[in-house]
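Novice: here are the coordinates; sequence isn't available:
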DNA sequence: GTCTATAGCAGGATAGAC
DNA sequence: GTCTATCCTGCTATAGAC
């Protein structure tokens, strides 16, 4: 609260600080007073720029979360362009990298995943928007990529579940970082993020390969 | 709010209703007024029985969440006793069953998972307690079971990550049910829960098998 | 053990000066 | 656009009757 970074106009600062606080404490856990204080604005500014607190929450997703998601997706696509014959291994590893490390710093990445986790646990109008404009198109794109690389004849919904399972792990290892570090007994640093990303890739590649058979091979 | 189920003494009713509401809306999202109204008690009862709202939250975990977790774990152990030579397949399928279906009805299961998801996303003193008394012992038990069944020489922490990945999917498919049904385009009914449980098993068994090699086989 | 009444404070939103 | 002052509602917690 001492040194407010006064970069940019008030509206932008409000969006920046609101996103961080909403991610940390949830919509109900943050007060407008807290947000305006963090942004170095007066109490009335939220209502002036956004009408009310709820709409500020929506605009955080519209003007911060969604553009960032698009950057992550672009980052993912670009890291695939350099590799000509697409393999399952390339795709999954690029996925893990883009979402666990990607174009974001650790703090921004955690903020991003936490907002998503909150919306999943307690959907608001924001999830509706995200499902429509981000999640559905991206999962479509991803399953289109994966289809020629998984066992032939795999059901469409089974493929979708596979893709979702990968995101489950990414999200869990990100928002559940406190539990993860406590159970593993180590710090959540870059080395761990690399390991997690590799672990997810190794796990998911074999997981996807064994999907179509009702029972797994051997066991 | 019309028909309060007046079963049991006030303290029990408060714990019951508080758990449901905390799971749905989070600690900050629920007021003591709402809880006492749902439980059919007067406003002062929370302070009388629990001292304050925060302690009620802790007691929900102590007297509702933890005993339920122990029941789930017992259920898991029992379903393994009938199968003499333990296989990876048996273990993972029993896990999915115990946690996605188990001894709980759908509503209770969702409530249970949502509370866990909230604590992971925003840890309080409750997570400390759960890590100590439930999570660590259970993960220990689980990795002890898995160790003889995964590729030899697999690092201990890698095995732990594998076990956590399974829980990531279970949790995600449970608390993210709105997104899941929206993306799959189907209802979250018993048929889907069975499919999810089977999917996780198939995915995880192959995932675990391919773990120790830095790169997966083939790809 | 259960209730009502209320203290005391923090919340979102608004009015209106500058 | 930015600020202060303020309204009003709803919150937790407590005191004290029954």
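Specialist: Sure, I can see it. Remember, predicted model here, so these are calculated numbers, not experimental data.

Novice: wait, residue A:97 sits on residue A:72?
Specialist: No - applying CB atoms under 8 Å as the test, residue A:97 and residue A:72 come out as separate, 10.2 Å apart. The way it works is simple: take the backbone N, C-alpha and C, and place the C-beta from them, glycine included.

Novice: so what's the residue nearest to the spatial centre of chain A closest to, chain neighbours aside?
Specialist: The centroid of chain A falls nearest to residue A:113 when counting by CA atoms, centre = their mean (4.0 Å). Nearest in space to residue A:113, with sequence neighbours left out and distances taken as CB to CB, 6 or more residues apart in numbering or on different chains, is residue A:174 at 4.0 Å.

Novice: Mean confidence (pLDDT) on the helix or strand containing that neighbour, please.
Specialist: Here residue A:174 sits within helix A:156-175, counting by DSSP states H and E. In this model, helix A:156-175 has a mean pLDDT of 93.

Novice: and the angle from that helix to helix B:156-175?
Specialist: Between the axes of helix A:156-175 and helix B:156-175, defined by axes from the mean of the first three to the mean of the last three CA atoms, to 10 degrees, the angle is 120 degrees.

Novice: Wondering if the next helix or strand after helix A:156-175 reaches chain B at all.
Specialist: Per DSSP H and E, the first helix or strand lying C-terminal to helix A:156-175 is helix A:177-184. Yes - when contact is scored as CB under 8 Å from any CB of the partner chain, part of helix A:177-184 falls within range of chain B: A:178, A:179, A:180, A:182, A:183, A:184.

Novice: Only whichever of those are buried, select them in ChimeraX.
Specialist: Typed into ChimeraX, the next command selects the buried ones out of those (criterion: 16 or more other CB atoms under 10 Å in any protein chain shown):
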select /A:178,179,180,182,183,184
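
Novice: Output the residues of helix A:177-184 next to chain B as a markdown table; include the columns pLDDT and distance to residue B:11.
Specialist: Rendered in a markdown table, the data for these read as follows (pLDDT from 0 to 100; distance: CB to CB, whole Å):
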| residue | pLDDT | distance to residue B:11 |
| --- | --- | --- |
| A:178 | 89 | 31 |
| A:179 | 90 | 30 |
| A:180 | 92 | 35 |
| A:182 | 88 | 31 |
| A:183 | 90 | 33 |
| A:184 | 92 | 38 |
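
Novice: biggest separation within the residues of helix A:177-184 next to chain B, which pair?
Specialist: A:178 and A:184 (11.2 Å; CB to CB).

Novice: Centre of the chain to stretch A:180-195, how far?
Specialist: Between the mean C-alpha point of stretch A:180-195 and the mean C-alpha point of its chain there is a distance of 18 Å (CA atoms, centre = their mean, to the nearest Å).

Novice: Let me fix that, I meant to ask about stretch A:158-172.
Specialist: Here stretch A:158-172 shows a centroid-to-chain-centroid distance of 12 Å under the convention CA atoms, centre = their mean.

Novice: for stretch A:157-170, same thing?
Specialist: Relative to where its chain is centred, stretch A:157-170 has its mean C-alpha point 14 Å off (CA atoms, centre = their mean).

Novice: which residues are contacting that stretch?
Specialist: Applying CB atoms under 8 Å, 6 or more residues apart in numbering or on different chains, the contact partners of stretch A:157-170 are A:92, A:95-96, A:99-100, A:113, A:139, A:142-143, A:146-147, A:150, A:200, A:203-204, A:207-208, A:211-212, B:165, B:168-169, B:171-173, B:176, B:180, B:183-184, B:186, B:195-196, B:199-200, B:203.

Novice: Buried residues, that stretch. List them.
Specialist: For stretch A:157-170, the buried set under the neighbour-count rule, 16+ other CB under 10 Å, comprises A:157-170.

Novice: For stretch A:130-142, which residues meet the burial criterion?
Specialist: Within stretch A:130-142, the residues that count as buried by 16+ other CB under 10 Å are A:130, A:131, A:134, A:135, A:138, A:139, A:142.

Novice: when you scan that stretch, is anything in it near chain B?
Specialist: Yes - looking at stretch A:130-142 against chain B by CB under 8 Å from any CB, the contacts come from A:131, A:135, A:136, A:139.

Novice: And stretch A:187-204, by the same measure?
Specialist: Yes - Stretch A:187-204 comes into contact with chain B when judged by CB under 8 Å from any CB, the residues involved being A:195, A:196, A:198, A:199, A:200, A:201, A:202, A:203, A:204.

Novice: Quick check on those: which are buried?
Specialist: Burial of the residues of stretch A:187-204 next to chain B was assessed by neighbour count (16+ other CB under 10 Å); the buried members are A:195, A:196, A:198, A:199, A:200, A:201, A:202, A:203, A:204.

Novice: Looking at the second one now. What's its pLDDT?
Specialist: The predicted structure scores residue A:196 at 92 on the pLDDT scale.

Novice: wait, what's in contact with it?
Specialist: A:96, A:100, A:173, B:161.

Novice: restrict the residues of helix A:177-184 next to chain B to those near DNA strand D?
Specialist: The overlap between the residues of helix A:177-184 next to chain B and the neighbours of DNA strand D (CB under 7 Å from any atom of the strand) is empty.
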